[in-house]
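>>> Show me the folded form of this:
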Amino acid sequence: MSAWERWSLHLAALATAGTGLMDGLLRWFGQRVGEFGPEPHPWLPLAQHLHVVTAPFLLFALGMTVRGHLQARLKKGPEGRRTGLGSAFLIAPMVLSGYGIQVVTDPAWRTALAWVHGISAGLFLLAYLGHLLLRTKRAPEASPARVVALT
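Numbers count the residues shown, from 1 in each chain. As a prediction, this is how the structure comes out:
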């Protein structure tokens, strides 16, 4: 995996996770009571649009990672495979549920897909960060300061 591919993945993951967290927090905790009842936070549309715009970059970077990193690592030893494979298996439910939220009109299905998206994205983020932290233990040149800077 080249440095360009690695940094593309890290930046896309940071942008997508950041906008997704902002969107989720504004949805759950940003609801305000207006003159006519509950209303969404005024920044919610911007957060959602930014998340929808950055997510395809992450999907592209994940595809590069599967081609350039995951396939090569599977041929080597078992070191670091649990967190990497865990991240890889969470990509499909995360992406498909995110797409489903955009196209499904039934409120019950949207709610169910939103839960699947939030849970799979949260688990993906934890597995991704765990994979980066395990990398610092295996590779001394990858300092913890770099991992903290990425998160």
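
>>> contacts, neighbours, all on C-alpha from now
Will do.

>>> list the helices and strands the longest helix anywhere in the chain packs on?
Counting by DSSP state H, the longest helix found in the chain is helix 107-138. Judged by 3 or more CA pairs under 8 Å, 6 or more residues apart in numbering; DSSP states H and E, helix 107-138 is in contact with helix 81-103, helix 144-150.

>>> Where among these is average confidence lowest?
Between the helices and strands packed on helix 107-138, the one with the least mean pLDDT is helix 144-150; it has a mean of 53.

>>> For the closest residue to residue 17 other than its chain neighbours, grab the count of nearby residues.
In this structure, residue 17 finds its nearest non-sequential neighbour in residue 125, 7.5 Å apart by CA to CA, 6 or more residues apart in numbering. Neighbour count for residue 125, taken as other CA atoms under 10 Å: 18.

>>> Neighbours of residue 67, how many?
Look at residue 67: counted by other CA under 10 Å, it has 12 neighbours.
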